[in-house]
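*Asks:* structure of the sequence below:
(chains A and B)
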Amino acid sequence: MNAVAIPPFERFYEEYRDEIYAYLRKLVGREAADDVFQETFLRALRGYSSLQHGRHLRAWAYRIATRVAIDERRKKRPAGELPELPADDSRPAYAELDHLTGDLPATERAAVVLRYGYDLDYRDIATALGSSEAAARQAASSGVRRLRRRMT
Amino acid sequence: MTLPAETDLAFRHRAASEALLDVAYDLTDSPIGPLLVATTERGLCEIAFDPNPEEEVERLARLHGVRVLRSPRPVDDARRELDEYFEGRRHEFDLPVDLTALPAFQQSVLAELQRVPYGQVDTYGGLAARIGKPRAARAVGGALNRNPVPIVVPCHRIVGSSGSLVGYAGGLERKQLLLSLEGGTLV
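*Replies:* Got it, this is the predicted structure:
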């Protein structure tokens, strides 16, 4: 296996900062996105020297971002309380999903938003959630079932 | 979607203030052109003329560790001292320098070089003699040519035995400029 060199952190950061920020805006809303973004890349920095190789850095960044976003939502939202709708200027598919999925459990919400809002396949969602592909599929489908139950 | 500039800067500040970086660097203007200035926790580790940031960042990562990030605050002191130097108000730098990534011989040459005072010059042979290797003038030249922190570690103060400027990694024009700024004379 060819070793893929770990790029200087500046390269990694420049390459993924915009898309990770966009992703976090969808997951946690504009208000919280700044803090969650900073925490994501601070966590990445803390782990950066321990990386063994430079493969899958994009997936790694998404995985950290997703975990930080989930932690943030758990911290912010007492059980049972509906979240604020994230304010967003554009209303693409994921924005509609924000509205619909706001009170799903965090992992299910992330899976549903990533699958149907971002059109990621289950392999990428698994990476982002730090779970197996089967678990990602399971989270998305139980999220959808929960939404259906609520709508009928 | 583009990351807002203030969020970007806030992250760069926090990365440095939480001591998570191997190297922080920034670009700064000077009378001899733009400079890339980089520092580790130990001290100033690089000043690059005509910087190509991408190459410099790769080099810094190889020498000091992969956590290299552009972050302005850690290099504020260096920026200020360099400004004062170029305005003629500073003759000695108080900044610590970090030469630990360099080979021992080069460290000893650069350490001795720091003793050549402002406004004076010495020769390659003179410097070689002062580190106890009088026949190593060429090796001394090589060590100076790869000085990672020019200006602060004053390799511009070393000239040929005839007093000619000889060489400078940043170009002879810059060497001339630094020496005239200091009003240099041969010791």
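
*Asks:* tell me the centre residue of the chain?
*Replies:* Using chain A. For chain A, the residue sitting closest to the mean C-alpha position, by C-alpha atoms, centre = their mean, is A:Thr66 at 3.2 Å.

*Asks:* hmm, no, I was thinking of chain B.
*Replies:* Note: chain B centre (C-alpha atoms, centre = their mean) maps to B:Val149, 1.6 Å.

*Asks:* buried stuff in stretch B:96-108?
*Replies:* Using 16 or more other C-beta atoms under 10 Å in any protein chain shown as the test for burial, stretch B:96-108 gives B:97-99, B:101-102, B:106, B:108. C-beta: built from backbone N, CA, C; applies to glycine.

*Asks:* straight-line length of it, end to end?
*Replies:* End-to-end span of stretch B:96-108 (C-alpha to C-alpha, to the nearest Å): 16 Å.

*Asks:* how far does it sit from its chain's centre?
*Replies:* 12 Å (C-alpha atoms, centre = their mean, to the nearest Å).

*Asks:* that older thread, which ones are touching the residue nearest to the centre of chain B?
*Replies:* Applying C-beta atoms under 8 Å, 6 or more residues apart in numbering or on different chains to B:Val149 gives the contacts B:44-47, B:97, B:99, B:110.

*Asks:* what residues does chain B have near chain A?
*Replies:* For chain B, the residues in contact with chain A (C-beta under 8 Å from any C-beta of the partner chain) are B:1-4, B:7-8, B:10-11, B:14-15, B:18, B:20-22, B:57-58, B:60-61, B:65-70.

*Asks:* go again using 10 Å as the cut-off
*Replies:* Proximity of chain B to chain A (C-beta under 10 Å from any C-beta of the partner chain) is limited to residues B:1-4, B:6-8, B:10-15, B:18, B:20-23, B:25, B:53-54, B:56-62, B:64-71.

*Asks:* so which of the residues you listed are in strands?
*Replies:* B:23, B:25, B:68-70 (DSSP state E).

*Asks:* between those, which is nearest chain A?
*Replies:* B:Val68 (4.3 Å; C-beta to the nearest C-beta).

*Asks:* and the closest one, what are its bridge partners?
*Replies:* Residues in a beta bridge with B:Val68, per DSSP bridges, are B:Val23.

*Asks:* give me the below-cutoff pLDDT ranges for chain A.
*Replies:* A:1-3, A:73-74, A:76-99 (pLDDT under 70).

*Asks:* burial count for B:Val166?
*Replies:* 16 (other C-beta atoms under 10 Å in any protein chain shown).

*Asks:* same question for A:Val68.
*Replies:* When neighbours are counted by other C-beta under 10 Å, A:Val68 comes out with 23.

*Asks:* give the buried residues for the helix or strand encompassing it.
*Replies:* Using DSSP states H and E, A:Val68 sits in helix A:57-76. Residues A:57-58, A:60-70, A:72-73 are the ones in helix A:57-76 that count as buried (16+ other C-beta under 10 Å).

*Asks:* for that helix, packing partners?
*Replies:* For helix A:57-76, the elements it packs on are helix A:9-48, helix A:106-112, helix A:122-129, judged by 3 or more C-beta pairs under 10 Å, 6 or more residues apart in numbering or on different chains; DSSP states H and E.
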